[in-house]
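Trainee: Sequence unavailable; structure follows:
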């Protein structure tokens, strides 16, 4: 059959999701297509809306802590960190130095684990299945360390208000050190396997462009923003805990495409390794818990706490009315705002690019829908 | 009341009694063909089909929330669910079992039911995690979380945990295989829908 | 430890007066304001919201980035909170608008920031606030046809909904299993 230049294509509306292996959870996309070209993408969210903000108003400050894990389940430690920091600020409590170092350590380990899932999932989305298995092999080692420390593989409930559940178990630092020694070699392996693969490169370079101006207007943060050439990292811009004392780079790429975001995350994993080495070297001895009252009743007031989660700027807006329960808790969800810029990135893309672009956003639907 | 008594009482409820399937095919074989050979033939066919089913179970990947990440981990290198013949599919039309992993919300409920209806018989449902079993942590105060997947689709196997460990995941798969090996074509052919459908008429869902 | 951190821990619940700079910029458009934990807060009215945001946007060092938008229910009134950042920096200001619950209407800020599209829809469905001029204010997170505004303090979910109702076996096992347990059983448990 020969190609007929007078052939006319019709617009077609296609539904994608909410049950789809490449939407990273339960996201529904309504696509308007002209042949292979995407004319319009309309995300439909809310399929995992589990009323987390309402539940906070019904429980007391300690009871809500496990729910923060279930909010963005790939970086449970980061959510715990943000929430615990907000409540401690309301109470006027400052954690002990050792506790702060351990919290930062856990957050950085969680960043590596979260980026490894991203790495594997992007590989899957672009058709490279093997790298997924490689990434999960390394992720299991981190999960093993988390399990040793907290007793859980995924949702840790390790940070407590005023401290930690327990000190680091014996052998933790040695285990972490051996992992850190090996990990950069593994990243080089992924790099050779996925990033320098010609097919992967042609599917990601120049695809899904996001300009810095659009990123500003949409409130995009995290590695997605840094892939557009803006060097904004809350660990640097508004540092918390021991980050001012630590030395690290904020990787930035100017291209603004899928590959740029991918390289930023890959570099971030190595930066986390660098940070963890410093944490291990400088981890001070001492107490991990400070005394907090049995009944937590912060004075009326409010606090807005922001931290850098693996997905971007994670904010907690917490209002206290002097009772045992939070009056209002609001999550500033990084994925929620990053996903909003998705239709902008998909302009002029092909259908097959959609999943690659979505994968490069690294959204978690628990974070989007709350 | 102890747990054991509760279990016993539950077992005595009419809805939970194991129902003897009518098996019209087996009856027909027994009456029309002087028993013997045809019944043996059904047994052989059952054996072949059930072994096939149990050795290559294709699961519908229905990851909803946190448990889905554990489901990915079970499928990946360390736990390697492939060695039990389980392979995740994206389409309900190619799946034997639906693994519902995570929090089911109101908005998602009818999607779940529609996907279940699209799966070919015999179909199985595994509810993974506390949220899928009863709403779990969200049981008391959530306004948008369905209190258990079994309010929307019938569930064969429940896997407790928040999230369940990969080992309990694998245990659920083994139990599913046991369940599959009890399946007979005599139950399905001529019998129409399986007993699950009665369960629904009783619950009167919207 | 950094300086900002100590400041934050010092005074979360004791507000201080606004800085002279912000007082000068925004004084005539606000109905109140304070600095809490080193972060300024401006209270304004729906009519003055857009002029105030525009003015903050046009400063030499503008508060050019909206990072967050959410609602708070204070009983008789609903408050919409806008979190603005000074570029990609640490400085942040919260702009709050009080709306009477009976007539909660506020102009949309989608013309200024694309970010506001989804959060405004979310606040609309959760608190019943009308954003005047919003192009598409359908349900975002909740299913179509959902009744009520769940994040209002007096909202209770519909317990008669068969998908949300409490599990009868859990709430009252005796009623489900038939007959109350005998006395020695109660004693045993």
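Mentor: That came in fine, so what should we check first? Given the structure is predicted, the values throughout are model-derived calculations rather than measurements.

Trainee: From residue A:105, how far off is the residue of the stretch 151-300 of chain A found nearest chain B?
Mentor: Residue of the stretch 151-300 of chain A nearest chain B, by CB to the nearest CB: residue A:154 (5.5 Å). Glycine gets a C-beta too; all of them are placed from N, C-alpha and C. Counting by CB to CB, to the nearest Å, the separation of residue A:154 from residue A:105 is 18 Å.

Trainee: got it, and residue A:63?
Mentor: 26 Å.

Trainee: Which positions in the biggest helix by length in chain B come out as buried?
Mentor: Identified as the longest helix of chain B according to DSSP state H is helix B:37-55. Buried residues in helix B:37-55, defined by neighbour count with 16 or more other CB atoms under 10 Å in any protein chain shown: B:38, B:42, B:46, B:50, B:53, B:54.

Trainee: What of stretch C:103-115?
Mentor: C:104, C:106, C:107, C:108, C:109, C:110, C:113, C:114, C:115.

Trainee: Confidence-wise, which of the buried residues of helix B:37-55 comes last?
Mentor: The lowest pLDDT within these belongs to residue B:38, with 67.

Trainee: Pick out whichever of residue A:154 and residue A:105 has more residues nearby.
Mentor: Per other CB atoms under 10 Å in any protein chain shown, whichever of residue A:154 and residue A:105 has more neighbours is residue A:105, with 24 against 21.

Trainee: before we move on, the earlier item: nearest to residue A:218, of the buried residues of helix B:37-55?
Mentor: residue B:53 (48.3 Å; CB to CB).

Trainee: which intervals of chain B have sub-threshold pLDDT?
Mentor: Across chain B, residues meeting the criterion (pLDDT under 70) sit at B:1-38, B:186-206.

Trainee: my bad, the stretch 1-150 of chain A
Mentor: By pLDDT under 70, the low-scoring segments of the stretch 1-150 of chain A are A:1-3.

Trainee: measure the residue in it that chain C sits nearest to to residue A:16 for me?
Mentor: Residue of the stretch 1-150 of chain A nearest chain C, by CB to the nearest CB: residue A:46 (3.6 Å). Remark: distance between residue A:46 and residue A:16 (CB to CB) = 16 Å.

Trainee: the more surrounded of the two?
Mentor: Higher neighbour count among residue A:46 and residue A:16: residue A:46, with 26 against 19, using other CB under 10 Å.

Trainee: Quick check: that one touching residue C:146?
Mentor: No. Residue A:46 lies out of contact with residue C:146 (CB atoms under 8 Å); the separation is 9.8 Å.

Trainee: List the residues that are in contact with both of those two.
Mentor: Common neighbours of residue A:46 and residue C:146, using CB atoms under 8 Å, 6 or more residues apart in numbering or on different chains, are residue C:139.

Trainee: Which is the succeeding secondary structure element to the helix or strand residue A:32 falls within?
Mentor: Per DSSP states H and E: residue A:32 is located in strand A:28-34. Where DSSP H and E defines the elements, the next helix or strand beyond strand A:28-34 is strand A:37-44.

Trainee: Please compute how far that following strand lies from its chain's middle.
Mentor: 24 Å (CA atoms, centre = their mean, to the nearest Å).

Trainee: Please see if it touches chain C.
Mentor: No. Strand A:37-44 lies out of reach of chain C by CB under 8 Å from any CB of the partner chain, never closer than 8.8 Å.

Trainee: What is the next helix or strand along the chain from that strand packed up against?
Mentor: Next along the chain after strand A:37-44, taking DSSP H and E as the criterion, comes helix A:52-58. In terms of contacts (3 or more CB pairs under 8 Å, 6 or more residues apart in numbering or on different chains; DSSP states H and E), helix A:52-58 is packed against helix A:65-71, strand A:326-332.

Trainee: For the ones you listed, give me JSON lines that also has distance to residue A:41.
Mentor: JSON lines is the format used below for the helices and strands packed on helix A:52-58 (distance: least, CB to CB, whole Å):
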{"stretch": "helix A:65-71", "distance to residue A:41": "26"}
{"stretch": "strand A:326-332", "distance to residue A:41": "24"}
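
Trainee: closest to residue B:99 out of the ones you listed?
Mentor: helix A:65-71 (18.9 Å).

Trainee: anything in the closest one near chain B?
Mentor: Yes. Counting by CB under 8 Å from any CB, chain B is contacted by helix A:65-71 at A:66, A:67, A:69, A:70.

Trainee: tell me what that helix is packed against?
Mentor: helix A:52-58, helix A:76-91, helix A:365-369.

Trainee: Can you classify the residue nearest in space to the middle of chain C by secondary structure?
Mentor: Closest to where the C-alpha atoms of chain C average out (CA atoms, centre = their mean) is residue C:71, at 2.1 Å. Using DSSP: H, G, I helix; E, B strand; the rest coil as the criterion, the local structure at residue C:71 reads strand.

Trainee: That one pairs with what?
Mentor: Beta-bridge partners recorded for residue C:71 (DSSP bridges): residue C:80.

Trainee: Single out the residue in chain B that lies closest to chain C.
Mentor: residue B:143 (3.7 Å).

Trainee: For burial, what's the neighbour tally of residue 158?
Mentor: You didn't pick a chain, so chain A it is. By other CB under 10 Å, neighbour count at residue A:158 equals 23.

Trainee: if you could check chain B rather than the one you did, that'd help
Mentor: 20.

Trainee: State the three-state secondary structure for it.
Mentor: Applying three-state DSSP: residue B:158 is strand.

Trainee: what do you get for residue B:126?
Mentor: Put simply, residue B:126 is strand when judged by three-state DSSP.

Trainee: Next one: the residue lying closest to residue C:40 once chain neighbours are set aside, what pLDDT does it get?
Mentor: Closest residue to residue C:40 apart from its sequence neighbours, by CB to CB, 6 or more residues apart in numbering or on different chains: residue C:93 at 4.8 Å. We note a pLDDT of 88 for residue C:93 in this prediction.

Trainee: I'd guess residue C:93 is in a strand, am I close?
Mentor: Yes. Secondary structure of residue C:93 (three-state DSSP): part of a strand.

Trainee: how about the residues of helix A:65-71 next to chain B in TSV, adding neighbour count and distance to residue C:64?
Mentor: Below are those laid out as TSV (neighbours: other CB atoms under 10 Å in any protein chain shown; distance: CB to CB, whole Å):
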residue	neighbour count	distance to residue C:64
A:66	17	37
A:67	20	34
A:69	25	34
A:70	25	34
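
Trainee: Out of these, the closest to residue A:35 would be?
Mentor: Nearest to residue A:35 among the residues of helix A:65-71 next to chain B, with distances taken as CB to CB, is residue A:70, at 41.5 Å.

Trainee: quick one: the closest one and residue B:69 touch, right?
Mentor: No. Residue A:70 lies out of contact with residue B:69 (CB under 8 Å); the separation is 11.4 Å.

Trainee: helix, strand or coil for the residue of chain B closest to chain C?
Mentor: Residue B:143, by the three-state scheme (three-state DSSP), is coil.

Trainee: Just confirm it contacts residue A:51, I think it does.
Mentor: Yes. Taking CB under 8 Å as the definition, residue B:143 is a contact partner of residue A:51 at 5.1 Å.

Trainee: Next, show the common contact partners of these two.
Mentor: In contact with both residue B:143 and residue A:51: residue C:150, using CB under 8 Å, 6+ apart.

Trainee: quick one: the one helix or strand residue A:353 maps to to chain centroid distance?
Mentor: Taking DSSP H and E as the definition, one finds residue A:353 inside helix A:351-361. Chain-centre distance of helix A:351-361: 17 Å, with CA atoms, centre = their mean.
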